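# Predicted model and sequence follow; I will ask about them next.
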Amino acid sequence: MAITLKTSYFSANSPNHVEFHEQSLIELIENGQIGQIIHQSDPDYQKTLTAAQTTDQLITIAPGHYLLPGFIDLHNHAPQWPQAGIALDRPLNDWLNHYTFPLEARFADLDYATAVYRDLVHTLLTNGTTSALYFGSIHNNANLKLAEICAQLGQRAFIGTVVMDNPEQTPANYRDVNSATALSKTRTFIQAIQNQHPDQLVQPVITPRFIPSCQTETLTQLGRLAQETQLRVQTHCSQSTWEHQYVLDRFGQTDSVVLQQFGLLNQHAVLAHATQLTTADQQLIKTEQAAIAHCPLSNAYFGNGVFPTKQLLDQQLKIGLGTDIAGGYSPSLYTNLQTAVTASQMRQDGVDARLPADSRGVADSRITTEEAFYLATAGGAASLAINAGQIKLGMLADFQIVQAAPQFTTLTPADQLTHLLFNHTAQQIKAVYVNGQLVHQKEQNWYDNAQ
Ligand SMILES: Nc1nc2[nH]cnc2c(=O)[nH]1
């Protein structure tokens, strides 16, 4: 039987518009979607409330608690969870070779993978992340284990078996043998995910790690596979000075152009970082309707530049937020959306106070709290083309219920949203729903059916 939540909620319909409604009735129907939303001003409000009360299916969210859409992590390397925060002072290629690839190589051990992945998926859910786009490791068995754990714990997940076979950019003990094995491994993985998760809570993603780690033949074959299957693609794109230059030296073109030539830049693609895009790249990404996973924490360490979030949002590119575990140290999209706002302010103001104030930064770069909230919710959903990220009729019922601070009620709704998003820890996330199912609850005092 359908459940009805009685709750106040925030939901971003667009980067500039966040809706706030008090004490609305939100019906969760059996297919995991929002069946109806009745606001207090609706003539049917009292009738719907009484009906929900009499069928005993009403959950009244306790005072001081709010419903938000679940957050969508658009870029996360699951096997890197054990090294979150470690060696971020090293340059990207150094960090990959000396820390990341040796760690990922350990995921040949399924027991190790199981322990790490259980902890990661649980941690993300407790941080309000209801959907995640994951890079796995190169090992299908470990990646299938990640999929199994996401399904068991109830997280919506998009998972790629990582392809990396370029002997010049990958270590001998952690690379795919050649293009043919990389391709057959990817096909096997796709098939296994589709067989094992027919409800599509978990879906496969074609995942060339990034251009430097893939041989040209491999990029060609994965591009063909992407065209053939129309599956999602994820990769890193123009992510640092070194990486951007590497691709220019090897192909004489930028990452975006090269990805497009291989058939890997399309409306199903999610490109991580993209701090080094040229204006022409930005236009190409928009034309091809690819999405960008903005990873503000990670970019602060490896990006060699601040992503122009505001400029690209204004041009209506598809953009969401990624934690980039472990280039970013925090599993929380709260921390990442706070950092997105802070980074955008620094892009606007500039960093070297010895320069004249009006030539230090890039004008009109600051994003608002609403825009950051949009990125973590509806922006991520648009990037993945999923029917989630908003509290709206027909959307998937992926939610988080958060407790506000006591002084909260004296604030305006806009300030309440900022306060909620900027003064937050996982402690305040009391319950999480995916597909209309309760998948995490911290304690039981977030609802109060006595009311
Ligand atoms: N941040 C980050 N960037 C990458 N570029 C290629 N691989 C990686 C990775 O694992 N993390």
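Sure, I can see it.

# Could you use CA atoms for every contact and neighbour count after this?
Noted.

# can you count the residues close to whatever residue of the stretch 301-450 of the chain ends up closest to the ligand?
Using CA to the nearest ligand atom, the single residue of the stretch 301-450 of the chain nearest to the ligand is residue 327, 4.3 Å away. Other residues within reach of residue 327, judged by other CA atoms under 10 Å, total 30.

# give the contact list for the residue nearest to it when sequence neighbours are not counted.
Leaving aside its chain neighbours, residue 327 sits nearest to residue 298 (4.6 Å; criterion: CA to CA, 6 or more residues apart in numbering). Residues counted as contacts of residue 298 (CA atoms under 8 Å, 6 or more residues apart in numbering) are 323, 324, 326, 327, 328, 329.

# Model confidence score at the residue in the chain sticking out farthest from the centre, please.
In terms of distance from the mean C-alpha position of the chain, residue 54 ranks first, at 39.0 Å (CA atoms, centre = their mean). Predicted confidence (pLDDT) at residue 54: the value is 91.

# where does the stretch 251-400 of the chain dip in pLDDT?
Across the stretch 251-400 of the chain, nothing is flagged by pLDDT under 70.

# now the strands: where do they sit in it?
269-273, 291-294, 318-321, 399-403 (DSSP state E, counting those that start in this stretch).

# Kindly report the same for the stretch 101-250 of the chain.
Under DSSP E, counting those that start in this stretch, the stretch 101-250 of the chain gives strands at 129-135, 156-160, 162-163, 202-208, 232-237.

# Out of the ones you listed, which gets nearest to the ligand?
Nearest of those (CA to the nearest ligand atom): strand 232-237, 5.7 Å.

# for that closest one, the distance to its chain's centre please.
Counting by CA atoms, centre = their mean, to the nearest Å, strand 232-237 is centred 13 Å from the centre of its parent chain.

# What angle do strand 202-208 and it make with each other?
Angle of strand 232-237 versus strand 202-208, following axes from the mean of the first three to the mean of the last three CA atoms, to 10 degrees, is 40 degrees.

# which secondary structure elements does strand 232-237 contact?
Counting contacts by 3 or more CA pairs under 8 Å, 6 or more residues apart in numbering; DSSP states H and E, strand 232-237 is packed against strand 202-208, strand 269-273.

# Dihedrals phi and psi, the residue farthest from the centre of the chain?
phi -70, psi -30 (degrees, to the nearest 10).

# Could you check how far it is from the ligand?
52 Å (CA to the nearest ligand atom, to the nearest Å).

# Most neighbours of all the contacts of residue 298, which one?
Neighbour max across these (other CA under 10 Å) = residue 324, 32 neighbours.

# Roughly how far does that residue sit from residue 184?
27 Å (CA to CA, to the nearest Å).

# got it, and residue 2?
In this view, residue 2 and residue 184 are 43 Å apart by CA to CA.

# between these two, which one's more packed in?
residue 2 (17 against 11).

# For the more buried one, which non-adjacent residue is spatially closest?
Closest residue to residue 2 apart from its sequence neighbours, by CA to CA, 6+ apart: residue 29 at 4.9 Å.

# For the one you found, give me its contacts.
Residues in contact with residue 29, defined by CA under 8 Å, 6+ apart, are 1, 2, 3, 35, 436.

# Can you give me the neighbour number for the closest residue to residue 89 other than its chain neighbours?
Spatial nearest neighbour of residue 89, chain neighbours left out: residue 301 (6.9 Å); criterion: CA to CA, 6+ apart. Residue 301 is flanked by 18 other residues according to other CA under 10 Å.

# Likewise for residue 93?
15.

# That one in helix, strand or coil?
Three-state assignment for residue 93 (DSSP: H, G, I helix; E, B strand; the rest coil): helix.

# OK, contacts around it?
residue 242.

# what pLDDT does it get?
Reported pLDDT for residue 93: 95.

# and the gap between it and residue 62?
Applying CA to CA to residue 93 and residue 62 gives a distance of 49 Å.

# Please apply the same query to residue 344.
35 Å.

# what residues are up against the residue positioned nearest the centre of the chain?
The centroid of the chain falls nearest to residue 73 when counting by CA atoms, centre = their mean (1.8 Å). Contacts for residue 73 (CA under 8 Å, 6+ apart) come out as 129, 131, 132, 133, 320, 321, 322, 323, 333, 376, 380.

# again, but for residue 344
306, 307, 308, 309, 310, 365, 366, 367.

# repeat that for 10 Å
296, 306-310, 350, 362, 364-368 (CA atoms under 10 Å, 6 or more residues apart in numbering).

# Of those - the most surrounded one?
Counting by other CA under 10 Å, top hit in the contacts of residue 344: residue 296 with 31 neighbours.

# so it sits right up against residue 340, yeah?
Yes: counting by CA atoms under 10 Å, residue 340 is a contact partner of residue 296 at 5.3 Å.

# which neighbours do these two share?
With CA under 10 Å, 6+ apart, residue 296 and residue 340 have common neighbours 306, 307, 309, 321.

# mind listing which of those residues are in helices?
Among the shared contacts of residue 296 and residue 340, DSSP state H puts residue 309 in helices.

# residues touching the closest residue to residue 146 other than its chain neighbours, list them.
Excluding its sequence neighbours, the residue lying closest to residue 146 (CA to CA, 6+ apart) is residue 117, at 5.9 Å. Residue 117 is in contact with 78-82, 111, 123, 136, 142-143, 145-150, counting by CA under 10 Å, 6+ apart.

# How many residues are close by the closest residue in space to residue 100 that isn't next to it in sequence?
Leaving aside its chain neighbours, residue 100 sits nearest to residue 80 (6.9 Å; criterion: CA to CA, 6+ apart). For residue 80, the count of nearby residues is 26 (other CA under 10 Å).

# Verify the stated contact: residue 80 with residue 323.
No: counting by CA under 10 Å, residue 80 stays clear of residue 323, with 11.5 Å between them.

# Mutual contacts of those two, please.
By CA under 10 Å, 6+ apart, the residues touching both residue 80 and residue 323 are residue 329.

# Among the contacts of residue 298, which one sits closest to residue 250?
residue 327 (24.6 Å; CA to CA).

# Sounds good, over and out.
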